[in-house]
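Q: have a look; sequence and predicted model below, questions after that.
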Amino acid sequence: MPFIPHTEEDISVMLASIGANTIEDLFDEIPPALKNGSLQVLPGLSEMEISRLMLERAETDGRYLNFIGAGAYEHHIPAAVWQITTRGEFYSSYTPYQAEASQGTLQLLYEYQTMMASLTGMDVSNASMYDGASALAEAALMAVRSHKSSRRILMPTTVHPIYRRVVRAIVKNQGIEVVEIPYCAECGHTLVESLAPYAGQDIAALVIPQPNFFGVLEPVDALTDWAHSNNALAIGVVNPMALALLTPPGEWGSTGADIAVGEGQPLGIPLSSGGPYFGFMACKQSLVRQIPGRIIGRTTDLDGRTGFVLTLQAREQHIRRSKATSNICTNQGLMVTAATIYMSLVGPEGLRRIAAQSHANTMALVEQMETLKGVKRIFSGPLFHEAAVTLPTPTDAVLKTLKNQGILAGLNLGEHYPELGNALLVCATETKIAADLEKYVEHLRRALA
Amino acid sequence: MLIFEHSRPGRRNYSQSPATAAEIRNIPQNLLRKTLPLLPEVSEMDAVRHYTRLSQLNFSIDTQFYPLGSCTMKYNPRVCNSLAMLPQFLARHPLASEDTGQGFLACMYELQEILKDVTGMAGVSLTPMAGAQGEFVGVAMIRAYHEARGDYARTEIIVPDAAHGTNPATAVMCGYKVVEIPTGKEGDVDMAALKAAVGPKTAGLMLTNPSTLGVFEKNIAEMSKIVHQAGGLLYYDGANLNAILGKVKPGDMGFDVIHINLHKTFSTPHGGGGPGSAPVGVAERLLPFMPVPVVALEQGTYRWLTEKEIPQSIGRLSAHMGNAGVLLRAYIYIRLLGAEGMHRVAEFATLNANYLMVELSKAGFEIAYPTRRASHEFIVTLKDLKEKTGVTAMNVAKRLLDKGYHAPTTYFPMLVPECLLIEPAETESKQTLDAFVASMKEILAEAHAQPEMLKGAPHTTPVRKLDDVKAAREPDLTWKQSS
């Protein structure tokens, strides 16, 4: 019996103690008419058999040279990250409700909060959200809660298209209006001028992506100041890796953004078909009682020793029930464990170098791509590590040809922005070397010939 | 000691980042960061040692008996982790085309089919990333269903008082008013109160069965009839599915929508608070509203169905397809168990819970619902003990830590005073349960003989009782360089 240790003798002694004849007797409170034990599941496999099956399936999927980013980025992950993260003491423990028995997880989360607050330039970070998209939805709800009068959010169309859909799905039942702001077709970012129609109106928040979905950098100072001068909160949606190079949201404009959220995946989390990743959320001190999710605080024990606990729990569903800031309970603890170890292993200079190399590789790739006829950068705005490129022929056919050569050439941007036509979003992180870029460009040249 | 206190300016791990700092071209100065973030500057060994030591401060399933009620802390098979972390699975980009992921998608499709079978539902979507998000999806589908029929009068969700806090919080996130109904003496929902609560405003009822009181709602068939007759739908909170796996299917009980906590019943790791994963199952009438994407099998090829194929979908809850790696672990676990193994989960979880309940009762502990069978969990109430000795449920919980056991869930459900909600799970042996009973007996004796010692527990953990009030009044949430 897989994972069940009972011997025949154990079972009979236990049943005798209970005063039951069979295990089935223990289900005698379930109305007989409802009992239905028929399952179609196949017979169980041994560990050897399941290993063989999963290896076969993994090999079916193969390995590719990947140039897709679009919100999930391939970075090198030090071996120590997941070896330590999957230690049983982290892997198989629960949410740290019993603080004295969970100091490892709690201290690690406090360290994580410190790292994320510093990376984003904010005062406070929570202990994680599910992913970047749902974290943005929670930030929108948080802005509406703290704004009091407005239920309207301004959302540039340069924000990840799926994030925008997720926000809509999550906030729509609370009567919140999400207004989309068009981007500048020439520079590829949001212009302060395009916000003019909303000046002086009641707005809860302006969302500011950095970098945006096209990889382009937004004029964050001007946008943040616009939000504040219109009595709206500024919500930054940021790539944490980019923050090693770029001005953190807490320093945008004259007083800084109010909330920073984003996808934590670039910090040591494998691509894994889309999850599990983790969302992060940080904010100004003044908003701390509105932030959803777990927060860890440092305190002392009976003997005056330093220790860590879950704190400010009066915001949360297990205490406040229907009046909680969110229904979030379980978050992405293990992914945060990996990210904290990752940030410790690469350090501030290492993170900056990884970000800078990713920027340099993408710039080099785009430059080489532009030597091909009809291939051109779409936008003039400055880039971090991703670029929108126009192609002379339909994107899907090009992607397919390169895939057959073992290269994932990027995302078909036209699927999300039909006005861009034959467009491709490409990303070359620090994991790519000069030979990879050459191979990419050579196969692209052949595909376009 | 914090990792930051091991830090020394200029210390680096040369093998973990590019050897040279690449030039930053074409980013304007005003967009560039002026100072480096406060990340630790430590050697690789410092980091490995620090986090290994931190891990050793945790209680976990791999090191301790962890009878945390309503959390289903069963053994997490190691092979589920190692196979989900095969390099091809880890390297696959979520936006790579479907033909590069047929092996992965086959697992996802089969998992959907298995979960349909286990729950008795017509369709399953794997996307929700935790129980609370599964609840959100479920209630959002209930709302979409009523609205699609032009029924905008339904503004209330009924929730029993014993429910998890996520239930009422979810109903509010979906724009509903919460109507709470009480529990009767025997632990079942008060049927008269339910009848009085339902009406043309009822959108639905959220129910956990077996309930958080550790008993099976005997009147479930009648409850289902009452809610359906009033035009409402039934939501099944799958937190306690472990107790009935292969015995009863929520679909047969009349539920219209259900979420399944894979990190409970299907043994994916709790990871110190996630990642979870909570697929939702739906009855026929909610199929058009399922969250996307959903995997389909067409002419031998797996592909994602999106908003295009499910236009009335309530939408997307994550940037991609949910917690893929967690779903893989659950799939592997299920294939290891097979049909026979799945039946045994509920059987032995129930055997362990009833045995532990009887043994603790014999040892002098008061059972909250002594006339009922335990499901996979049960409640001990220490109200009398507190009156006689001043020792509380929290004191007993903390003393258990000294004895090497993780504490049961305390003070939940809130309607039972001084309660411990105990769930042993099927993977524990009789020997472990007997040793736990022996420790509980010792604590009971200590409560009478040395109550003051108990009130100061725990004594042997890395820290003693922590000051929660101070933590909340003077929040210290990040380390500062000067501190």
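A: Perfect, I can see it now. All values derive from a computational prediction rather than experimental measurement.

Q: can I see the domain layout of chain A?
A: Per automatic domain parsing, the domain ranges recorded for chain A read A:65-72+A:348-448, A:79-340.

Q: export these to TSV and tack on mean pLDDT and mean neighbour count?
A: Every C-beta, even on glycine, is put in place using the N, C-alpha and C of the backbone. Formatted as TSV, the domains of chain A follow (pLDDT from 0 to 100; neighbours: other CB atoms under 10 Å in any protein chain shown):
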stretch	mean pLDDT	mean neighbour count
domain A:65-72+A:348-448	98	20
domain A:79-340	96	23
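
Q: make JSON lines from those domains and add distance to chain B to it.
A: Supplementary listing: the domains of chain A in JSON lines, determined by distance: least, CB to the nearest CB, whole Å:
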{"stretch": "domain A:65-72+A:348-448", "distance to chain B": "3"}
{"stretch": "domain A:79-340", "distance to chain B": "3"}
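
Q: could these go into JSON lines alongside distance to B:Gly281?
A: Listed next are the domains of chain A as JSON lines, based on distance: least, CB to CB, whole Å:
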{"stretch": "domain A:65-72+A:348-448", "distance to B:Gly281": "28"}
{"stretch": "domain A:79-340", "distance to B:Gly281": "19"}
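
Q: identify whichever of the ones you listed lies nearest to B:Thr202.
A: domain A:79-340 (16.4 Å; CB to CB).

Q: where is the longest helix in chain B?
A: Counting residues, the longest helix found in chain B (DSSP state H) is helix B:324-362.

Q: any part of stretch B:173-186 near chain A?
A: Yes: Stretch B:173-186 reaches chain A (CB under 8 Å from any CB of the partner chain) through B:Met173, B:Cys174, B:Gly175, B:Val178.

Q: quick one: contacts for the last one?
A: Think B:Val178. Shown in contact with B:Val178 (CB atoms under 8 Å, 6 or more residues apart in numbering or on different chains): A:Arg321, A:Ser322, B:Glu156, B:Ile157, B:Val159, B:Pro168, B:Ala171, B:Val172.

Q: kindly report the same for the first one.
A: B:Met173 makes contact with A:Leu141, A:Ile170, A:Asn173, A:Gln174, A:Ser326, A:Asn327, B:Phe136, B:Val139 under the criterion CB under 8 Å, 6+ apart.

Q: from those, which is closest to B:Ala393?
A: Taking CB to CB as the measure, B:Ala393 lies nearest A:Asn327 of these, at 25.9 Å.

Q: if we can go back for a sec, how about the contacts of B:Val178 in a markdown table, adding secondary structure and distance to A:Asn361?
A: Formatted as a markdown table, those follow (DSSP: H, G, I helix; E, B strand; the rest coil; distance: CB to CB, whole Å):
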| residue | secondary structure | distance to A:Asn361 |
| --- | --- | --- |
| A:Arg321 | helix | 50 |
| A:Ser322 | helix | 50 |
| B:Glu156 | strand | 56 |
| B:Ile157 | strand | 51 |
| B:Val159 | strand | 53 |
| B:Pro168 | helix | 49 |
| B:Ala171 | helix | 48 |
| B:Val172 | helix | 46 |
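
Q: tell me the span between the first and last residue of stretch A:142-151.
A: The straight-line separation of the ends of stretch A:142-151 (CA to CA, to the nearest Å) is 11 Å.

Q: ok so, going back, among the contacts of B:Met173, which are located in helices?
A: Among the contacts of B:Met173, the members falling in helices (DSSP H) are A:Leu141, A:Ile170, B:Phe136, B:Val139.

Q: mind checking the SS state of B:Tyr236?
A: The three-state label given to B:Tyr236 by DSSP: H, G, I helix; E, B strand; the rest coil is strand.

Q: report how many residues lie close to it.
A: B:Tyr236 sits with 28 neighbouring residues when counted by other CB atoms under 10 Å in any protein chain shown.

Q: so what's it up against?
A: B:Leu207, B:Thr208, B:Asn209, B:Pro250, B:Met253, B:Phe255, B:Val257, B:Ile258, B:His259.

Q: which one among those residues gets closest to B:Phe104?
A: Checking those against B:Phe104 by CB to CB gives B:His259 as the nearest, at 22.5 Å.

Q: and the strands in the stretch 201-350 of chain B?
A: Counting by DSSP state E, counting those that start in this stretch, the segments of the stretch 201-350 of chain B that form strands are B:202-208, B:233-238, B:257-260, B:280-282, B:294-298, B:301-305.

Q: could you do the stretch 51-200 of chain A as well?
A: Going by DSSP E, counting those that start in this stretch, the stretch 51-200 of chain A shows strands at A:65-66, A:124-125, A:152-156, A:177-181.

Q: out of these, which is closest to B:Ile443?
A: B:Ile443 lies closest to strand A:124-125 among these, at 38.3 Å (CB to CB).

Q: domain parsing for chain B?
A: Per the record, chain B has its domains at B:3-55, B:79-336, by automatic domain parsing.

Q: just the closest of the residues of stretch B:173-186 next to chain A to A:Tyr94, please.
A: A:Tyr94 lies nearest to B:Met173 out of these, by CB to CB, at 23.8 Å.

Q: follow-up on the earlier one: quick one: closest of the domains of chain A to B:Lys470.
A: Closest approach to B:Lys470 among those (CB to CB): domain A:79-340, 5.0 Å.

Q: done for today, thanks.
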